[in-house]
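S.K.: quick one, what's the 3D model for this:
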Amino acid sequence: MIVQYRGGKSRQEQAGPIPQSGAGRRNRRYTTWRVALSFVVVLNIFFANTATFAQKSEQSACIKPAGPVSPEASPASRGKPVRPEDGKEINTIAGLSDGRISADARLYILAVGINEYKNPKYTLKYGRPDAEAFVQALEQHGKNIFRQIVKQTIYDSQATRENMENVFNGIIAEARPEDAFVFYYAGHGVMSGGDASRRPEFYLALTDVTKLYGDNKLLEERGVSARLLRDFIIRIKAQKQLVVLDTCHAGGALESFAMRGAAEEKATPRMPKNAGLTILAATGTWQSATEFRQLGHGVFTYALLKGLAGEADNGESPDGKITVKKLEAYLNSKVPELIKQFRGKAQNPNSFARGQDFPLGAR
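M.R.: Residues are numbered from 1 along each chain as shown. As a prediction, this is how the structure comes out:
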């Protein structure tokens, strides 16, 4: 009997060789055959495992990231739209770099701010002040960037779908490719109810929307859907555009902008390399936009105003310009910080962009 000890010798090695009888020789041949067979089995296992390992390595190299690919991680994705998946928020600036503003460029602004609703229970405190302050900040900080600033404002009872459409159509007729356009909205926003045939959709709830939930027909008639807003934006010739939505559920609007329709597909080949569209949303799809009395503004617009005033240019390489990309990064950090400071409900800004970054103002 041979007993193997870890780190020592067998008893056969200690006692010396065993005389070889006929039975011993047969046992020896049998043992040799078993060793050879074991060796073959080991080799088969080794090569099988090696092949499996190589196959697994190849698969792992081809696994796609679960979320949107950043421009740094995938150069091929630059300039392409982000396709949002159900239940996921978009928070990405896709393919941005510094865009230049023409010396002859004009900045068109359409700002909508609503405090007063026909249904008094929907009254807000800072919708209109937010819009007024944003327009003032753009005028102040953009005067050294743009040759002319053309502003259109719609407040309170004037904030109807008809009035918005009229102003949009005027800008569509006037704006040139070298110009920039900014749309700002502060008021109620809501996701419509969905069913088996229709997904929920984001709406700007204008002043005569008297019921926010449970009446999709009312929203379609008196509100402005993200899809309709996107259609207006596409028709504006200005190649640099920013949309700011300080409203509840604003993240729900991003999907409509991320999806490319027939009109945009047709226009894309004519777009120059320095064109850019950015959407800055105050909240996630199912989050509320918060107003704080201590700030005198909605928390998102308060942070936006701070960013425009210069705080967004306090990064690693400040250059005196406030660009939409800098604002996006600043809002992502500043808004949650303010929410935590004032102990509000979670509010996470969301964003989407295609094309170039561009400056809105200078310090």
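
S.K.: buried ones in stretch 229-244?
M.R.: For stretch 229-244, burial by neighbour count (16 or more other CB atoms under 10 Å) applies to 229-230, 232-234, 236, 238-244. Any C-beta I mention is one placed from the backbone N, CA and C, and that applies to glycine too.

S.K.: can you list which of the residues you listed are found in helices?
M.R.: 229-230, 232-234 (DSSP state H).

S.K.: closest to residue 112 among those?
M.R.: residue 229 (10.8 Å; CB to CB).

S.K.: OK, contacts around the closest residue in space to residue 326 that isn't next to it in sequence?
M.R.: Nearest residue to residue 326, sequence neighbours excluded (CB to CB, 6 or more residues apart in numbering): residue 312, at 4.3 Å. Each residue near residue 312 by CB atoms under 8 Å, 6 or more residues apart in numbering is listed here: 306, 322, 326-327, 329-330.

S.K.: let's see it at 6 Å
M.R.: 322, 326-327, 330 (CB atoms under 6 Å, 6 or more residues apart in numbering).

S.K.: roughly how far apart are residue 157 and residue 199?
M.R.: Taking CB to CB, to the nearest Å as the measure, residue 157 falls 32 Å from residue 199.

S.K.: ok, these two, which is more surrounded?
M.R.: residue 157 (13 against 10; other CB atoms under 10 Å).

S.K.: A helix includes that one, no?
M.R.: Yes - counting by DSSP: H, G, I helix; E, B strand; the rest coil, residue 157 is located in a helix.

S.K.: ok, for it, nearest residue in space, not its chain neighbours?
M.R.: Leaving aside its sequence neighbours, residue 157 sits nearest to residue 207 (CB to CB, 6+ apart; 5.7 Å).

S.K.: I'd say the one you found and residue 117 touch.
M.R.: Yes - using CB atoms under 6 Å, residue 207 makes contact with residue 117 at a distance of 5.4 Å.

S.K.: name the residue in the two with the higher neighbour count.
M.R.: residue 207 (26 against 23).

S.K.: now do the SS call for that one.
M.R.: coil.

S.K.: and it, how far from residue 125?
M.R.: Separation of residue 207 from residue 125 (CB to CB): 15 Å.

S.K.: go on, residue 334?
M.R.: 21 Å.

S.K.: who has more neighbours, these two?
M.R.: A direct count of neighbours by other CB under 10 Å for residue 334 and residue 125 places residue 334 higher, at 21 against 14.

S.K.: and the more buried one, that one's in a helix?
M.R.: Yes - counting by three-state DSSP, residue 334 is located in a helix.
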